[in-house]
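**Q** how would this look folded up:
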Amino acid sequence: MSATKVLALSCTWKYDHSVDDRLDPNGFPSQIAHALLAVFAILVAEHAAGLLGSATGLL
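**A** Presented below is the predicted three-dimensional model:
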């Protein structure tokens, strides 16, 4: 999965915000968490693509 696709999926992912809204009506901590999750997902996807590329290069 490309990093762009991972970013698109993480930005459009929906879940129940009711718990976050009770903790913080502005939702600021959850926005930071989503941004960090998106960055982490991109890094994992790029690392996996690099490993796959090096593994296929060895064959």
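**Q** Any idea how many residues pack against residue 53?
**A** 10 (other C-beta atoms under 10 Å). Backbone N, C-alpha and C define where each C-beta goes, glycine included.
**Q** next one: residue 34
**A** Using other C-beta under 10 Å, residue 34 has 15 other residues around it.
**Q** One more: the one 3 residues further on?
**A** Neighbourhood size, residue 37 [other C-beta under 10 Å]: 12.
**Q** in what helix or strand does it lie?
**A** helix 28-58 (DSSP states H and E).
**Q** Check which helices and strands that helix is in contact with.
**A** On a contact count with 3 or more C-beta pairs under 8 Å, 6 or more residues apart in numbering; DSSP states H and E, helix 28-58 meets helix 3-12, helix 18-23.
**Q** between these, which gets the lowest average pLDDT?
**A** Set side by side, the helices and strands packed on helix 28-58 give their lowest mean pLDDT on helix 18-23, at a mean of 54.
**Q** if we can go back for a sec, the helix holding residue 37: which residues count as buried?
**A** Counting neighbours by 16 or more other C-beta atoms under 10 Å, one finds that the buried residues in helix 28-58 are 30, 38, 41-42, 45.
**Q** Output the lowest mean pLDDT helix or strand found in the protein.
**A** Ranked by mean pLDDT, DSSP states H and E, the weakest helix or strand in the chain is helix 18-23, scoring a mean of 54.
**Q** returning to that earlier point: tell me the mean pLDDT over the helix holding residue 37?
**A** Across helix 28-58, the average pLDDT comes to 82.
**Q** Relative to residue 34, how far out is residue 48?
**A** According to C-beta to C-beta, to the nearest Å, residue 48 stands 21 Å off from residue 34.
**Q** actually residue 42, sorry about that
**A** From residue 42 to residue 34 the distance is 13 Å (C-beta to C-beta).
**Q** cool, residue 53 as well?
**A** Distance of residue 53 to residue 34, computed by C-beta to C-beta: 29 Å.
**Q** Then residue 52?
**A** Taken as C-beta to C-beta, the spacing of residue 52 relative to residue 34 amounts to 27 Å.
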